[in-house]
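Participant: Quick one, fold the following:
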Amino acid sequence: MLTLLSCGYRTIHHEGIVRNRPSGSGNYTFVFFNSRAEVRLHDNTSTVEKNTFILFQPQTPHYYREVESPFINDWFHCNGSDFHEFLISIQFPVDTLIEASDPLLISRSIVELQKCHRLDGKLRERIIDCDLRSFFMKLSDLRARTAPHQLSRYYMQFTELRNDIYRSPQQNVTVTEQASRLNMSKSYFQHIYKELFGCSVMTDMIHARLDHAKYLLDHSELSVNQIAYACGYENDTHFMRQFKKFVGVSPRKYRFRIDSS
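Facilitator: Coordinates of the predicted model:
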């Protein structure tokens, strides 16, 4: 089981900070730099920009200090008997400075860890174990999906755009208009989208509409024709054809599948 020893979210050091651990910290130490910092690791010193993170191993000598004040960071210390094997299994790099593709993911996760750590309850330790494993798996997966490195700088913009697609599936926005929103050519936009999310933007648009359609079929009394228009289709014939192709049954059969099963 992974255990959380201590944790801090957006800790502000108004007078700066110096962390000098020539023998390591004795536990796994995760640091997310919200400010520029000087980091010495394996006898190499470098200046790192904000939104960079690192996981130090227990015995890794390291040193870091502020480059600007106030110095702000998120951090936590953790341990676990199977932690080393777990990190290997998910190919998570240790003792490596990494630029965060999604800084909000890290900050939100550390906020939740801090809240849970402060609370009591018989399931707290199990929740923390799950949250820590999930956190490192998400970072590892995100790092794999934003490789090569240049894709990482697009991740936040594309994720916001993708969220808009699923939040408002009824919008009739062309791929050309979406590409223009990010100041890209249509072909380059489609290439980056596929690299980041493993599917085309058109596939996501269809899935967003059909997911919304399935929800309305299950939780409303709207007619199939009304649902088609609510999901952005200009006519119900196109909607029913696409629904049958991707879902496998007609909207009417989908709606009454529970009663007939």
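Participant: Wait, a strand at residue 5?
Facilitator: Yes: under DSSP: H, G, I helix; E, B strand; the rest coil, residue 5 falls within a strand.
Participant: Count residues in the vicinity of it, would you?
Facilitator: Using other Cβ atoms under 10 Å, residue 5 has 14 other residues around it. Glycine gets a C-beta too; all of them are placed from N, C-alpha and C.
Participant: can you check residue 122 too?
Facilitator: Using other Cβ under 10 Å, residue 122 has 6 other residues around it.
Participant: how far away is it from residue 130?
Facilitator: 14 Å (Cβ to Cβ, to the nearest Å).
Participant: ditto for residue 10
Facilitator: 23 Å.
Participant: per-residue confidence at the residue most central in space within the chain?
Facilitator: For the chain, residue 105 is the residue whose C-alpha lies nearest the centre (Cα atoms, centre = their mean; 5.1 Å). pLDDT, residue 105: 93.
Participant: what's stretch 136-147 in contact with?
Facilitator: With Cβ atoms under 8 Å, 6 or more residues apart in numbering as the test, stretch 136-147 has contacts from 53, 55, 86-87, 90-93, 98, 101-102, 105-106, 109, 151-152, 155, 196-198.
Participant: now stretch 221-228
Facilitator: Residues outside stretch 221-228 that contact it (Cβ under 8 Å, 6+ apart): 213, 216-217, 220, 230, 235-236, 238-240, 251-252.
Participant: so residue 74 sits in a strand?
Facilitator: Yes: when three-state DSSP is applied, residue 74 is found to be in a strand.
Participant: Quick check: it touching residue 106?
Facilitator: Yes: assessed by Cβ atoms under 8 Å, residue 74 is found in contact with residue 106 at 6.6 Å.
Participant: how far away is residue 204 from residue 251?
Facilitator: Residue 204 is 20 Å from residue 251, by Cβ to Cβ.
Participant: higher neighbour count, these two?
Facilitator: Shown here are residue 204 and residue 251; by other Cβ under 10 Å, residue 251 has more neighbours (23 against 17).
Participant: quick one: contacts for that one?
Facilitator: Taking Cβ under 8 Å, 6+ apart as the test, what residue 251 contacts is 213, 217, 224, 227, 239-240, 243.
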